[in-house]
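Visitor: Have a look at this prediction, sequence included:
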Amino acid sequence: MTKLQDLRKKYPQYDSIGDEELVGAFHSKYYADMPIEEFHSRLGYKAPKQGWSGVGEDVTKSLQKVPENLLEMIKQLPGEVFGAASNPGRIPQNLGAGLAQGGAGLLNTPANIRDYLASKNIVSKESPSLRLPESILPQNFNYAEGVGLSDVKPGDALVQGIGASAPYVAGGELGALGVPARMAARSAAQVPFAIGQNENPITAAAMPLALEGIARGVPKAVNAVRPTNLLKGDLSTAELSANLRAARGTNTDLGNIIGSPTLKQVFENLTTKVPFSGSDKLLGKMGNRVSRRAETLLRRAGRGIPDGDRNVILKNTIEDAYKKQSKIKTDLYGPVNELAAKESFNLELPSLERFSKEFGESLNDSFLMKNDKTLRTAFNELSKYSKVTGSESLGTLGPDGLLSKSQATKAPTIVEAKVLAGRLDREASKHMSSPNPADRFVGGKFSEAAKAIRSDINSQIEKKGSPELNSRYKEADKNYAENFSQFLDSDVYKLTRPDANAETIINDIIKPGKRSDKYTRIEKIQNLLPDNQKNILGEAWLRNSIEKTGDLNPKEFARLIDSLGVRQFKALFPDAKFREKLLDYGKLRGMNESALSRMANPKTGQTLGVPAMLASQAGGVAGALTSGNLPLAAMLGLGPPVGSNILNKILTNPTVRKRFVDKMLKNSQNALKEDLKLTGLPALTSADAEQKRQRQTVVVDLKYKKNPAKKSEKE
């Protein structure tokens, strides 16, 4: 113990005075004739450093005392808060005293800085004092007494401190700063306050940081060890919500839903393998509910579809649609023909004649023309009617594209020419799909001939027809282009032929594959079907999961969904809500893999480790009974099955599951808000986010309008 410590022990009334001030006072009063350095040595006192090194030393000592001061503040804080709450009538007076004290400190700040720098010999002790005269700003004025507080009570110091520091704290809250920046600003604001009060600015700056760090750190530490955070997996909030939605109505275990490896291992590898824990019944229930979900989806997909082979039903539906559109086409073109005859309209086909002169011989030499006299006659006779003077009748062409002889006419009718063009289009589609180059050449010429006929009809009616004839023709032609022409596509036309094979029609249309994602053929067929029949293709595809026994295989059901490309999936199932349910089933099937595997292929007791577990359990029970410890024997015998049963029920309880996930989602939202605060960024409202998404969509659409091919590739 040094002499300075003895001195302090002897005179405890000087505890509030610092070492430097106390040593200096004793030296001046009693040992003024002794050199100051010798006096310091005898007391065992090490004088503080001078200059800027002395400032650095003060900073270090102040930081070292922060924990001690912080503990003392925390110790006194409850009493101060309780005291302020117990004496609310003193709060206005204390705030007033504090504000006055803070104002005085603000005026004292320049002088306090000068005095400190002078004590460190950084500025001369003889430099002018910056302190206001005592008559203007008395240094020892009691501001509490000045507002009428004659005594001191618990809580006064707290409220006065709030009042004194309020102007400085407010400055630290200005601006749209993030949490770290605001903490730094609040801490920095305490420096001028402490200087004005002639207190340690380092301690004053460090205390808010320490207090706020504790206030923020303790809740985060507690939150980190909560089960909802401790057991969470690596799933996003969107994935969590999707898993919870997919598992609705089932007993899917919590570990699979939240993606927690720990809970999954506990459920799949521990509690469900304990003998007599009821796990077989539970897993069977889980598997049955997954299977029933698939059956429900298949029934919903088949709403409105009659019983029978889906291939035959689809072919009949397409044929009915074709017949319906054929009748509509005929009904629209019939009045056009009648009006043309009434107006003595003579149809000329100059484009077809020019085409025939160049390629007529090649077409007549084709296999089709040689063996189809009706088509050959129609083509040859129509192609020579560029100037009609009364040659032999072409005959009448029916809506099916076939010719039948009738009485002579001077020129072909509009319908006859249109039907020939349609027949040429169908033959072009068939020939263009041939692997033989010669057939594809002929198919291309058939298509050119059909275009020449339609071009002649359009130009002739526009040139020579009445306004009414033009109007009726455009109406009929519009219907032909929008509704009937799709039946001329090669993928569609072959399905409308009477000799088309209906046995494998659906598998011929659907070619699953995520990479190739061939969907155009599916869309062509879907466009032909009535709205209440657009589920035929999708339902037929899902029915492939039905086994020979008539039972639905849930694993195959999920595989069929997963095997489709994105565009195939969308084309087969136009209803967005139903697509979501199918995708949810895929998630559900994956989350219940263990339950379904145990159902489909029950593991033997040896694989589950049942003999070893039973032997170990029996050994423990026997040992407890031998030692006479009946409670321990009961616990060892009943504990594992009963405990596993209870835990399994908790992990698969839908209510527990929903509350747990809802809490995780709420925690994630709060964490996002905190992250935004830390970065100083304002959180987007839902409206802001939607506007941002729309702007991005507009940019993408504009970009891909310039190059549609790129958008198609991306899709």
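Guide: Perfect, I can see it now.
Visitor: Where does pLDDT dip in the stretch 351-500 of the chain?
Guide: The model of the stretch 351-500 of the chain has pLDDT under 70 over residues 385-410, 498-500.
Visitor: The chain now?
Guide: Looking at the chain by pLDDT under 70, you get 1, 167-200, 202-232, 385-410, 498-502, 598-617, 621, 624, 636, 670-715.
Visitor: So which residues of it form strands?
Guide: 396-397, 403-404 (DSSP state E).
Visitor: Quickly list the domain ranges of this structure.
Guide: Following automatic domain parsing, the chain resolves into domains at 48-224, 297-309+502-599, 324-496, 603-647.
Visitor: For Ile36, find the nearest of the ones you listed.
Guide: Taking C-beta to C-beta, domain 48-224 is the member of these nearest to Ile36, at 12.6 Å. Backbone N, C-alpha and C define where each C-beta goes, glycine included.
Visitor: In a markdown table, list the domains of the chain along with mean neighbour count and distance to Ser277.
Guide: Formatted as a markdown table, these follow (neighbours: other C-beta atoms under 10 Å; distance: least, C-beta to C-beta, whole Å):
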| stretch | mean neighbour count | distance to Ser277 |
| --- | --- | --- |
| domain 48-224 | 15 | 32 |
| domain 297-309+502-599 | 17 | 14 |
| domain 324-496 | 17 | 57 |
| domain 603-647 | 14 | 4 |
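Visitor: right, so of those domains, which gets closest to Phe276?
Guide: domain 603-647 (4.3 Å).
Visitor: so what's Leu363 up against?
Guide: Leu363 makes contacts with Met369, Phe379, Val442, Lys445, Phe446, Ala449, as judged by C-beta atoms under 8 Å, 6 or more residues apart in numbering.
Visitor: any idea what sits nearest Ser447, other than its immediate chain neighbours?
Guide: In space, and not counting its chain neighbours, Ser447 is closest to Ala428: 3.9 Å by C-beta to C-beta, 6 or more residues apart in numbering.
Visitor: thought that neighbour was touching Gly443?
Guide: Yes - counting by C-beta atoms under 8 Å, Gly443 is a contact partner of Ala428 at 4.6 Å.
Visitor: returning to what we had before: of the domains of the chain, give the one that comes closest to Gly249.
Guide: Gly249 sits nearest to domain 297-309+502-599 of all the domains of the chain, at 9.5 Å, using C-beta to C-beta.
Visitor: elements contacting the helix ranked longest in the chain?
Guide: Taking DSSP state H as the criterion, the chain has its longest helix at helix 310-342. Judged by 3 or more C-beta pairs under 8 Å, 6 or more residues apart in numbering; DSSP states H and E, the packing partners of helix 310-342 are helix 414-432, helix 467-479, helix 490-496, helix 505-509, helix 520-528, helix 536-542.
Visitor: how about CSV for these, with distance to Pro138 added?
Guide: Below are these laid out as CSV (distance: least, C-beta to C-beta, whole Å):
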stretch, distance to Pro138
helix 414-432, 107
helix 467-479, 100
helix 490-496, 102
helix 505-509, 99
helix 520-528, 92
helix 536-542, 92
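Visitor: quick revisit: would a markdown table of the contacts of Leu363 with distance to Ala247 be doable?
Guide: Converted to a markdown table, the contacts of Leu363 look like this (distance: C-beta to C-beta, whole Å):
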| residue | distance to Ala247 |
| --- | --- |
| Met369 | 65 |
| Phe379 | 65 |
| Val442 | 59 |
| Lys445 | 61 |
| Phe446 | 57 |
| Ala449 | 61 |
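Visitor: What is the nearest of these to Ser241?
Guide: Nearest member of the contacts of Leu363 to Ser241, counting by C-beta to C-beta, is Phe446, at 55.8 Å.
Visitor: nearest residue to the closest one other than its sequence neighbours?
Guide: Ala428 (3.9 Å).
Visitor: what's the answer for Gln50, then?
Guide: Asn121 (4.6 Å).
Visitor: Is that neighbour in contact with Pro48, as I believe?
Guide: No - at 10.9 Å, Asn121 does not count as touching Pro48 under the criterion of C-beta under 8 Å.
Visitor: so how far is Glu145 from the most centrally placed residue in the chain?
Guide: Note on the chain: the residue nearest the mean C-alpha position is Ala238, at 4.5 Å, using C-alpha atoms, centre = their mean. Separation of Ala238 from Glu145 (C-beta to C-beta, to the nearest Å): 64 Å.
Visitor: could you measure the closest residue to Ser291 other than its chain neighbours against Ala85, distance?
Guide: Leaving aside its sequence neighbours, Ser291 sits nearest to Pro554 (C-beta to C-beta, 6+ apart; 4.8 Å). Going from Pro554 to Ala85 by C-beta to C-beta gives 64 Å.
Visitor: and what of Phe276?
Guide: 59 Å.
Visitor: for Thr42, what are its contacts?
Guide: To be clear, residue 42 is Arg; Thr isn't right here. Here Arg42 is in contact with Lys3 (criterion: C-beta under 8 Å, 6+ apart).
Visitor: Oops, could you answer that again for Val55 instead?
Guide: Contacts of Val55 by C-beta under 8 Å, 6+ apart are Lys120, Ile122.
Visitor: what's the farthest-apart pair in the contacts of Leu363?
Guide: Of all pairs drawn from the contacts of Leu363, the greatest distance, 12.3 Å, lies between Phe379 and Val442 (C-beta to C-beta).
Visitor: count of residues packed around Ile17?
Guide: 14 (other C-beta atoms under 10 Å).
Visitor: Now Arg376: closest residue in space that isn't a chain neighbour?
Guide: Spatial nearest neighbour of Arg376, excluding adjacent residues (C-beta to C-beta, 6+ apart): Met369 at 4.6 Å.
Visitor: For Leu560, see how far away the residue nearest to Ala558 when sequence neighbours are not counted is.
Guide: The shortest distance from Ala558 to any residue other than its chain neighbours is 4.0 Å, reached at Arg589 (C-beta to C-beta, 6+ apart). Distance, Arg589 to Leu560, using C-beta to C-beta: 11 Å.
Visitor: same thing with Asn458?
Guide: In terms of C-beta to C-beta, Asn458 sits 47 Å off from Leu560.
Visitor: try Glu80
Guide: From Glu80 to Leu560 the distance is 71 Å (C-beta to C-beta).
Visitor: Return the residues in contact with the residue nearest to Phe446.
Guide: Gly443, Gly444, Phe446, Ser447, Ala450.
Visitor: From Asn483, how far out is it?
Guide: Ala428 sits 19 Å away from Asn483, going by C-beta to C-beta.
Visitor: Also Lys273?
Guide: Applying C-beta to C-beta to Lys273 and Asn483 gives a distance of 63 Å.
Visitor: rewinding a little: which of the contacts of Ala428 fall in helices?
Guide: When the contacts of Ala428 are checked against helices (DSSP H), the matches are Gly443, Gly444, Phe446, Ser447, Ala450.
Visitor: which ones are touching the closest residue to Gln325 other than its chain neighbours?
Guide: With C-beta to C-beta, 6+ apart as the criterion, Gln325 has its nearest non-adjacent residue at 4.8 Å, and that residue is Phe484. With contact taken as C-beta under 8 Å, 6+ apart, Phe484 is in contact with Gln325, Ser326, Ile328, Lys329, Gly422.
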